[in-house]
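Trainee: Show me the folded form of this:
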Amino acid sequence: MMSNFKGIELIRAEKNGTFESEVEECLGRLKALTENKEKRSWIIDVIINSISFPDFKTRESLIKDGIRTILGKSNYVLTVIPQKLVNNQIIIQATPLKSIEDSIVNADCLHIKTDEGDLLVASFVSFTGEVDKDSIFCFEKVKQCLTKYNLDFGDVVRQWNYIGHILSSTFGKFNYQVLNDIRSDFYNNSSFPNGYPAATGIGMDYPGIIIKIIALKANPDIQIVALDNPSQIPAYKYSERVLPGKTDLLTVQKATPKFERAKAIISDQTVTLFVSGTASIIGELTIGKDSPEEQTKTVLDLISQLISLKNLSPFRKDLSSVNLLCKSLVIYVKRQKDAPIISSIIETLLPGIPYLLTEADVCRDELLVEIECIFEG
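Mentor: Next up, the predicted model:
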């Protein structure tokens, strides 16, 4: 499978325009893309600008109707994310998935059988505005979907956690920490022989939670491994001092973020790397406070270490012949004013690689940029 991720496409309007005109152009290009492919299932992620939550819901409805017209009611999982785009009103990321049998779609779950095993993609959303209720709802839905297909959280290889107002707090407990606590509660009943999922925890514009997962029950000839970064403490081993919110004698111990720096899916022919959302953290401490340039370069260096031959060779000895290529590059910037310098660094150090850049809060107030990627070789 994980050759599936070679065909990721970023779709955006060629010229900036109104939301409606950009939607029309992007949906037209998505229609042409899907018509030119043999029958596939799809992961469709749509990032949209909006000026208020009611405006977001109206625009989300327009997107859903348009994509349903193109793809029908089956064979795709759609996630619409409210984040500010710097240069567009809408961007679509479309990932085709090739199966060896017909796909099964059940509401927000897509289950397909691939050459590498059973693949499940699911996406759930709740916008009550109460982060604990929203988190529990989404995790419970993910759990039900996994269970339906004889999977559990230990089979999740990649997870995205979009957290409205991620840095806001109620009674001293930050929204990100609330999600971490609830995630740990749900993970407690699963085993993780291949490590936790690769994951991103990132902000979005309105109070609520979106959780998207990719799970794989791999065939015996497929190896799934968790990758540590030699320059970072694993996030699930962070000390209390770097976890958000106040700690006192009456506070229940805060849960650490349960994710790996990356997850590798390795076969005899291919390697796929899901690189988690990566920020400028060495050990467990932020590097380059108030310097978007230093933070961006630190992040790229951390990713280089993570995907290096030295870091991967313990799991497959012949990796010297594998040419890893970046198939998806997503950049989250805290401050829109930093976007030009961050973009310049990306385009200089990673020339020719298409990327998606959005404005979103990162999990620590002093972090200015976070980057996630998918590599294939």
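
Trainee: For the helix or strand that contains Pro340, name the packing helices and strands.
Mentor: Assigned by DSSP states H and E, Pro340 falls within helix 339-349. In terms of contacts (3 or more CB pairs under 8 Å, 6 or more residues apart in numbering; DSSP states H and E), helix 339-349 is packed against helix 292-306, strand 325-333, strand 356-359. For the C-beta atoms, the positions are set from N, CA and C on the backbone; glycine is no exception.

Trainee: and the next element down the chain from the last one?
Mentor: Heading C-terminal from strand 356-359, the first helix or strand you meet, by DSSP H and E, is strand 369-376.

Trainee: who touches that next one?
Mentor: For strand 369-376, the external contacting residues (CB atoms under 8 Å, 6 or more residues apart in numbering) are 2-3, 5-6, 8, 200, 202, 270-280, 292, 295-296, 299-300, 303, 307, 324-334, 338, 342, 362-363.

Trainee: beta partners of the nearest residue to Gln83 once chain neighbours are set aside?
Mentor: Nearest residue to Gln83, sequence neighbours excluded (CB to CB, 6 or more residues apart in numbering): Thr358, at 4.2 Å. Residues in a beta bridge with Thr358, per DSSP bridges, are Leu85, Tyr332.

Trainee: per-residue confidence at Thr358?
Mentor: pLDDT, Thr358: 97.

Trainee: Quick one: closest of the helices and strands packed on helix 339-349 to Thr348.
Mentor: helix 292-306 (10.2 Å; CB to CB).

Trainee: what's downstream of the closest one, the next helix or strand?
Mentor: helix 309-312.

Trainee: Quick one: residues contacting the closest residue to Ser291 other than its chain neighbours.
Mentor: Spatial nearest neighbour of Ser291, excluding adjacent residues (CB to CB, 6+ apart): Leu368 at 7.8 Å. Applying CB under 8 Å, 6+ apart, we find Leu368 in contact with 280, 290-292, 295, 333-335, 338, 362.

Trainee: Could you report the distance from Leu368 to Asn49?
Mentor: Remark: distance between Leu368 and Asn49 (CB to CB, to the nearest Å) = 21 Å.

Trainee: these two touch, right, Leu329 and Ile353?
Mentor: Yes. At 5.5 Å, Leu329 and Ile353 qualify as touching, with contact defined as CB atoms under 8 Å.

Trainee: The two: which has the busier surroundings?
Mentor: Using other CB atoms under 10 Å as the criterion, Leu329 and Ile353 rank with Leu329 on top: 21 against 14.

Trainee: which element is Thr272 on?
Mentor: strand 271-278.

Trainee: Now that strand: buried residues?
Mentor: 271-278 (16 or more other CB atoms under 10 Å).

Trainee: Just the helices from the stretch 151-300 of the chain, written as ranges.
Mentor: For the stretch 151-300 of the chain, applying DSSP state H, counting those that start in this stretch gives helices covering 175-187, 292-306.

Trainee: contacting residues for the closest residue to Gln295 other than its chain neighbours?
Mentor: Nearest residue to Gln295 in three dimensions, chain neighbours excluded: Ser280, at 3.7 Å (CB to CB, 6+ apart). Listed by CB under 8 Å, 6+ apart, the contact partners of Ser280 are 286-288, 294-296, 298-299, 302, 367-369.

Trainee: can you rerun that using 10 Å?
Mentor: Ser280 makes contact with 286-289, 291-292, 294-302, 362, 364, 366-371, according to CB atoms under 10 Å, 6 or more residues apart in numbering.

Trainee: same deal with Glu260?
Mentor: Taking CB under 10 Å, 6+ apart, one finds 157, 192, 194-199, 225-229, 234-236, 274-276 in contact with Glu260.

Trainee: Just the ones of the residues you listed in strands?
Mentor: Counted as lying in strands by DSSP state E, out of the contacts of Glu260, are 157, 198-199, 225-227, 274-276.

Trainee: what's the farthest-apart pair in those?
Mentor: Across the ones in strands among the contacts of Glu260, the longest distance by CB to CB is 15.7 Å; it joins Ala199 and Val225.

Trainee: neighbour count winner among the two?
Mentor: Remark: of Ala199 and Val225, Ala199 carries more neighbours, 26 against 16, as counted by other CB under 10 Å.
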